[in-house]
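1. Here is a sequence with its predicted model. Questions after.
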Amino acid sequence: MTVHQTSPAAPARKPQSQSQGESGQSYTNAQLHEIEHRYSAPNYDPMPAVLSQGKGVWVHDVEGRKYLDMLAGYSALSFGHQHPRIMDAFFKQAKKLTVVSRAFENDQLGLFCKELTEFCGWGSEGQTLPMNTGAEAVETAIKTARKWAYSKKGVAKDQAEIIVCSGNFHGRTTTVISFSSTPQYKADFGPLTPGFKIIPFGDAEALAKAITPNTAAFLVEPIQGEGGINVPADGYLAKCYDLCKKNNVLFIADEVQTGFGRTGTMFACDHERVRPDLLCLGKALGGGVYPVSAVVGSREIFSVFHAGDHGSTFGGNPLGAAVGREVLKVMKDENLCEKASRTGEWLRGKLRAIKSNKIKEVRGRGLLNGIELNKNAGDAHHYVELLLKEGVLSKDTAGQVVRITPPLIITEEEAMWGVEKIAKVLG
């Protein structure tokens, strides 16, 4: 790999040349790569860059190579690496109180729930159920919808159905993979959880036909990320929401990846003025420093729960709550929705201007973008590897799509550096 010179926008501090172990021994990329592959279960096949430091939109590996992060941890790093205000909130709270479990109250949780509920537009009529990961948020929404169907809608015991979309990605738990349409995600993990019905994404008519008296909820990503950065036609979400309202079905939006400004509005559902019955949040809510997730919805829906019905040892811990509170303030203070909208439109224009017979389409909203390659160009993973060699972190998905989803704080100057590398690899 080439050692890249620092661009004008890169951090000034010089990275450590090598990572050190307990004995003080220094390790190279290759050595750490081998150690991880030997001692870590093989459920991932990471790119060959062992990252050790990051600041803003830039990261360095253990040998000093610099990379522009255009993946941003699938939106977990929407604020970039080591955002100063979020880090300050993390360290201040870490010095006072970290975890106490929900057996006791803490001075951060109530304020976090209040601020997040109001931030999402519910006001005093809403509530927040805090968890840790995006998958936990989705699982929580599923449990909520089923319990609501039995106790409020009158669905017969164990007959509740939840409608989902093909190409979905909602997490990796046993229940969630049960309704995946990707064979690898559920192969040899059975028996799978019943109670789900899969329809085509972007087809409101299919939803209308799939709804029955036993339908508890419709669970959907406003834009599919893992599925290939699939953006539905305008009006799709609004039509689906109306169908749910007419049939007494909960509309659940999985905004774990699309939420908090990623698509140029605070939530992707805002593009169509839809406020879901249940909103699944995560990734960016932890500010890139701590796992924080939540389900936000109406007080009436959450009234189905009683103490002991559901919980999490770490869910709602004071450290995560303090981080989440600062995330909400940074989102507003730095106008990151407007910035993501403006920079995203500019970035798509630059990507679409690349002259290449390898590129079929550039699509997305805000800073959630994908470059779909023509079939004859080969697998997208090959180009992701080439981009890594050029100093750009990205990831392939759905076989032919390269994700370009940088932190929302990225400047046009920094993004242009990445566009030039992308043009070099794909042009």
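-> Great, that's in hand.
2. Need the nearest residue in space to residue 35, chain neighbours excluded.
-> residue 27 (7.5 Å; CB to CB, 6 or more residues apart in numbering). In this view, the C-beta of every residue, glycine as well, is placed from N, C-alpha and C.
3. remind me which residues of the protein are low pLDDT?
-> 1-24 (pLDDT under 70).
4. Just the element for the residue nearest to the spatial centre of it, please.
-> Residue closest to the mean C-alpha point of the chain, counted by CA atoms, centre = their mean, is residue 257 at 2.5 Å. Following DSSP states H and E, there is no helix or strand that holds residue 257.
5. pretty sure it is touching residue 221, no?
-> Yes: Residue 257 is within contact range of residue 221, at 7.3 Å (criterion: CB atoms under 8 Å).
6. before we move on, the earlier item: got phi/psi on the residue nearest to the centre of the chain?
-> phi -90, psi -30 (degrees, to the nearest 10).
7. Show me what stretch 101-121 is in contact with.
-> Contact with stretch 101-121 is made by 93, 97, 100, 123, 126-128, 130, 267, 275, 279, 281, 294, 296, 311-313, 315-319, 321-322, 324-325, 328, as judged by CB atoms under 8 Å, 6 or more residues apart in numbering.
8. residues contacting the nearest residue to residue 78 once chain neighbours are set aside?
-> For residue 78, ignoring the flanking residues on the chain, the nearest one in space by CB to CB, 6+ apart is residue 284 at 4.0 Å. Counting by CB under 8 Å, 6+ apart, residue 284 makes contact with 75, 76, 77, 78, 79, 259, 260, 261, 262, 327.
9. Equivalent analysis for residue 123, please.
-> Here residue 123 is in contact with residue 117 (criterion: CB under 8 Å, 6+ apart).
10. and it, how far is that from residue 160?
-> 29 Å (CB to CB, to the nearest Å).
11. quick check: domain ranges of this protein?
-> If you go by automatic domain parsing, the domain ranges for the chain are 1-69, 86-333, 343-398+419-427.
12. what's the span of the second one, first residue to last?
-> Using CA to CA, to the nearest Å, the end-to-end distance of domain 86-333 comes out at 13 Å.
13. tell me the strands in the stretch 251-400 of the chain, going along the chain?
-> Assigned by DSSP state E, counting those that start in this stretch, the strands in the stretch 251-400 of the chain fall at 278-281, 293-298, 359-365, 368-373, 392-393, 395-397.
14. so which of those strands gets nearest residue 419?
-> For those, the distance to residue 419 is smallest for strand 392-393, at 9.5 Å, taking CB to CB.
15. Paired strands for the closest one, with orientation please.
-> The strands beside strand 392-393 in its sheet (DSSP bridges) come out as strand 66-69 (parallel).
16. How far away from the center of its chain is the partner strand?
-> The chain centroid and the centroid of strand 66-69 are separated by 20 Å under CA atoms, centre = their mean, to the nearest Å.
17. Give me the phi and psi for the residue nearest to residue 35.
-> Torsion angles, degrees, to the nearest 10, at residue 27: phi -120, psi 150.
18. was I right about it contacting residue 63?
-> No: taking contacts as CB under 8 Å, residue 27 lies outside contact range of residue 63: 9.8 Å.
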